[in-house]
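Undergrad: please work out how this folds:
(chains A and B)
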Number of protein chains: 2
Amino acid sequence: MPDSNRRTITGFSNPTVKFLRSLRNKKHRKLEGKFLVEGLRLLTDAREAGRLPEMLVMATARDPHPLLDTLEEAVTTAGGTIVETSTDILAKITGKDNPQAVTGVFAEFDTGLERVDRTTAPIWLVAQQLRDPGNLGTMLRTGDAVGAGGLILLDASTDPFSVEAVRASMGAVFTQRIAVARWDEFLPWLRSGVGQLVAASLRDARDYREARYTAPCFIMVGNESQGLPEAYESACDLRVTMPMHGRADSLNAAVSAAVLSYEVMYALDR
Amino acid sequence: MPDSNRRTITGFSNPTVKFLRSLRNKKHRKLEGKFLVEGLRLLTDAREAGRLPEMLVMATARDPHPLLDTLEEAVTTAGGTIVETSTDILAKITGKDNPQAVTGVFAEFDTGLERVDRTTAPIWLVAQQLRDPGNLGTMLRTGDAVGAGGLILLDASTDPFSVEAVRASMGAVFTQRIAVARWDEFLPWLRSGVGQLVAASLRDARDYREARYTAPCFIMVGNESQGLPEAYESACDLRVTMPMHGRADSLNAAVSAAVLSYEVMYALDR
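TA: Presented below is the predicted three-dimensional model:
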């Protein structure tokens, strides 16, 4: 009996190849509600976090690996599709000369703010108009490390489901809750419950090591080049600053979030 | 009297265009001993740090800016070359559709370890086989913020003079000393003077908030995917770890360096 969930693609012009390639583009991701995850390590992180791809795409000529077998079996059992194709076609899909031997297609997660349950974690990260996918992924990874619940992206931030952001998250995209909201949605939501809003700021700010933090603590950082708008900082319960001993007056956004998150983590544990 | 240091380039095939384009490639940078710095902000950071480009390349059709005038004058006074060209050619040089209106060519700095004077700063960052130029630039930027003296790159790290690393450094490439060395050069150099070598590590490590740091403190982080080799960790005076509350067992290399650097900065000030 042929397996209806298993297909082999041999032509570059196959519609599935076109579909997979299109997911490198944000517009198409939003249209399809899907995103790509590349490489066995990330796909295993996903599986261990209870997330499986709807479609698993592998090179026909691949090295065997027990984790790949486990993944393939889990996807098949869950009713997902297994696609086998040539290394050349996989290179075309991933846009890389040496494509990682496996790629998965996931349904995008619900990023509604109402899905955030603030009582489940002492720390939440908030980023405003973050532009760099590497910074976004790094913030998810840091959030995972400090035991944060997730990352709330305000205004027009870069897409958390881009290949670059997913890669930089080192799997945390599957374990951290991700919400996307406008500031004028976020602030009423925040004030409808408990929560301390803390900005990394230069204006009217106190030393981040001397501030008092309370859980759930929402740590907010601004855009890479402009920082936070003044109105956003004014709405915060606390503005804190990291001392700068050099010429520059700011840190990388993901670094700033990390230094502050570790301090809050220790302060809340004390 | 014509100004011998000023030229206009109108052809795409001009050798200077080819030369400038070649500097996006590491091999050519090393061959020429030059690197590119793009944008008025970075070039102004350089000037303020006492570094001027040998050649300044601007679009003929550019918006006037007082900082650009200052820069142009400084380069001319120092005997540098001013090149004017079309926006199209500038786009070809920078590889960007919307090129920043000005680019400078600098002579690479001397990255000899013997140029590091450890007595000039309480903190030095050390990275082993760092691969990502964004992480490298971010470490320079963090170093500037915590008052570090510079960054020592061990083994085959990514090039500190790539356009991406320079950009991510936000100007710190001009203020932090940069050294490049093999481990078997670095360790004898380090042990020839005072200095505490601290590794961000998972092996036999203590909580980074409970360790004792002494100046000059050399904070070492490992490669993005492998971490530090065991022999390197064993040679350290101290191995410290940042607690991880999530699924992952590591932080981004630049984040790890930053969290640790801020702790050391506070600890040394106490």
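Undergrad: how about the residues of the stretch 1-150 of chain A near chain B?
TA: A:45, A:48-49, A:134, A:138, A:141-147 (CB under 8 Å from any CB of the partner chain). The C-beta positions use only the backbone N, C-alpha and C, and glycine is treated the same way.
Undergrad: and the pLDDT for residue A:3?
TA: In this model, residue A:3 is scored at 60, pLDDT.
Undergrad: what's the answer for residue A:101, then?
TA: 81.
Undergrad: that one: how many residues sit nearby?
TA: By other CB atoms under 10 Å in any protein chain shown, the residues close to residue A:101 number 18.
Undergrad: now it: how far from residue B:82?
TA: 51 Å (CB to CB, to the nearest Å).
Undergrad: swap in residue A:45?
TA: Distance from residue A:45 to residue B:82, by CB to CB: 52 Å.
Undergrad: identify the residues contacting the nearest residue to residue A:198 once chain neighbours are set aside.
TA: Counting by CB to CB, 6 or more residues apart in numbering or on different chains, residue A:198 lies nearest to residue A:238, which is 4.6 Å off, once chain neighbours are set aside. Contacts of residue A:238 were listed using CB atoms under 8 Å, 6 or more residues apart in numbering or on different chains, and they are A:196-199, A:206, A:211-213.
Undergrad: what about residue A:238, distance to chain B?
TA: Distance, residue A:238 to chain B, by CB to the nearest CB, to the nearest Å: 18 Å.
Undergrad: backbone dihedrals for residue A:105, please?
TA: Main-chain dihedrals, residue A:105, degrees, to the nearest 10: phi -110, psi 120.
Undergrad: what's it in contact with, if anything?
TA: Counted by CB under 8 Å, 6+ apart, residue A:105 has contacts A:20, A:23, A:34-37, A:53-57.
Undergrad: what pairs with it across the strands?
TA: Counting by DSSP bridges, residue A:105 forms beta bridges with residue A:36, residue A:55.
Undergrad: and residue A:260, how many residues sit next to it?
TA: The number of residues near residue A:260, taken as other CB under 10 Å, comes to 30.
Undergrad: now do residue A:41
TA: 16.
Undergrad: now residue A:239
TA: 21.
Undergrad: again, but for residue A:34
TA: Neighbours of residue A:34 (other CB under 10 Å): 20.
Undergrad: which residues does the residue positioned nearest the centre of chain A contact?
TA: By CA atoms, centre = their mean, chain A has its centre lying nearest to residue A:173, at 3.9 Å. By CB under 8 Å, 6+ apart, residue A:173 lies in contact with A:137, A:140, A:160-161, A:165-166.
Undergrad: and these, which of them are in helices?
TA: The helices, defined by DSSP state H, take in A:137, A:140, A:165-166 from the contacts of residue A:173.
Undergrad: make TSV from these and add neighbour count, pLDDT and distance to residue A:61 to it.
TA: Listed next are these as TSV, based on neighbours: other CB atoms under 10 Å in any protein chain shown; pLDDT from 0 to 100; distance: CB to CB, whole Å:
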residue	neighbour count	pLDDT	distance to residue A:61
A:137	26	97	30
A:140	31	98	33
A:165	25	97	30
A:166	27	97	25
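Undergrad: ok, the spatially closest residue to residue A:121 that is not a sequence neighbour - contacts?
TA: Leaving aside its sequence neighbours, residue A:121 sits nearest to residue A:149 (CB to CB, 6+ apart; 2.9 Å). By CB under 8 Å, 6+ apart, the contact list for residue A:149 reads A:116-118, A:120-121, A:123-124, A:143, A:176-177, A:216.
Undergrad: can you tell me how far residue A:149 sits from residue A:115?
TA: For residue A:149, the distance to residue A:115 - CB to CB - is 11 Å.
Undergrad: got any residues that touch both of those two?
TA: residue A:177.
Undergrad: give the buried residues for stretch A:191-200.
TA: A:195-200 (16 or more other CB atoms under 10 Å in any protein chain shown).
Undergrad: which residues are in contact with that stretch?
TA: A:118, A:124, A:126, A:190, A:205, A:208, A:211, A:213-222, A:228, A:232-233, A:235-242, A:256-257, A:260, A:264.
Undergrad: do stretch A:239-252 as well
TA: By CB under 8 Å, 6+ apart, stretch A:239-252 touches A:135, A:198-208, A:211, A:224, A:227, A:233, A:256, A:259-260, B:45, B:48-49, B:138, B:141-147, B:168, B:170-172, B:175, B:254, B:258, B:262, B:265.
Undergrad: whichever of these end up buried, select them in PyMOL.
TA: Buried members of the contacts of stretch A:239-252, defined by 16+ other CB under 10 Å, are picked up in PyMOL with:
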select buried, (chain A and resi 135+198+199+200+201+205+208+211+224+227+233+256+259+260) or (chain B and resi 45+138+141+142+143+144+145+146+147+168+170+171+172+175+254+258+262+265)
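Undergrad: which elements pack onto the helix or strand bottoming out on mean pLDDT in chain A?
TA: The helix or strand of chain A with the lowest confidence, counting by mean pLDDT, DSSP states H and E, is helix A:87-94 at a mean of 89. Helix A:87-94 sits against helix A:15-22, strand A:55-59, strand A:102-107, with contacts defined as 3 or more CB pairs under 8 Å, 6 or more residues apart in numbering or on different chains; DSSP states H and E.
Undergrad: angle of that helix against strand A:102-107?
TA: 40 degrees (axes from the mean of the first three to the mean of the last three CA atoms, to 10 degrees).
Undergrad: isn't residue A:126 up against residue A:222?
TA: No - counting by CB atoms under 8 Å, residue A:126 sits too far from residue A:222 to count as a contact (9.9 Å).
Undergrad: so for the two, which sits in the more crowded spot?
TA: Per other CB under 10 Å, whichever of residue A:126 and residue A:222 has more neighbours is residue A:126, with 27 against 23.
Undergrad: helix, strand or coil for the more buried one?
TA: Classification of residue A:126 using DSSP: H, G, I helix; E, B strand; the rest coil returns strand.
Undergrad: let me see the contact set for it.
TA: So residue A:126 contacts A:151-152, A:154, A:186, A:197, A:218-221 (CB under 8 Å, 6+ apart).
Undergrad: let me have those in CSV, extended by pLDDT and secondary structure.
TA: Conversion of the contacts of residue A:126 to CSV gives the following (pLDDT from 0 to 100; DSSP: H, G, I helix; E, B strand; the rest coil):
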residue, pLDDT, secondary structure
A:151, 98, strand
A:152, 98, strand
A:154, 97, strand
A:186, 98, helix
A:197, 98, strand
A:218, 98, strand
A:219, 98, strand
A:220, 97, strand
A:221, 96, strand
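Undergrad: quick one: end-to-end length of stretch A:138-155, please.
TA: By CA to CA, to the nearest Å, the extent of stretch A:138-155 from end to end equals 19 Å.
Undergrad: wait, stretch A:25-38
TA: End residues of stretch A:25-38 are separated by 15 Å (CA to CA).
Undergrad: what of stretch A:142-158?
TA: Stretch A:142-158: ends 17 Å apart by CA to CA.
Undergrad: go on, stretch A:117-135?
TA: 24 Å.
Undergrad: enumerate the residues of the stretch 151-270 of chain A near chain B.
TA: So the stretch 151-270 of chain A meets chain B at A:168, A:170-172, A:175, A:209, A:242-248, A:250-252, A:254-255, A:258-259, A:262, A:265-266 (CB under 8 Å from any CB).
Undergrad: re the thing from before, pick the one among the contacts of residue A:238 closest to residue B:29.
TA: residue A:199 (39.5 Å; CB to CB).
Undergrad: partner residues bridging the closest residue to residue A:148 other than its chain neighbours?
TA: Spatial nearest neighbour of residue A:148, chain neighbours left out: residue A:123 (4.1 Å); criterion: CB to CB, 6+ apart. In this entry, residue A:123 is beta-bridged to residue A:217, by DSSP bridges.
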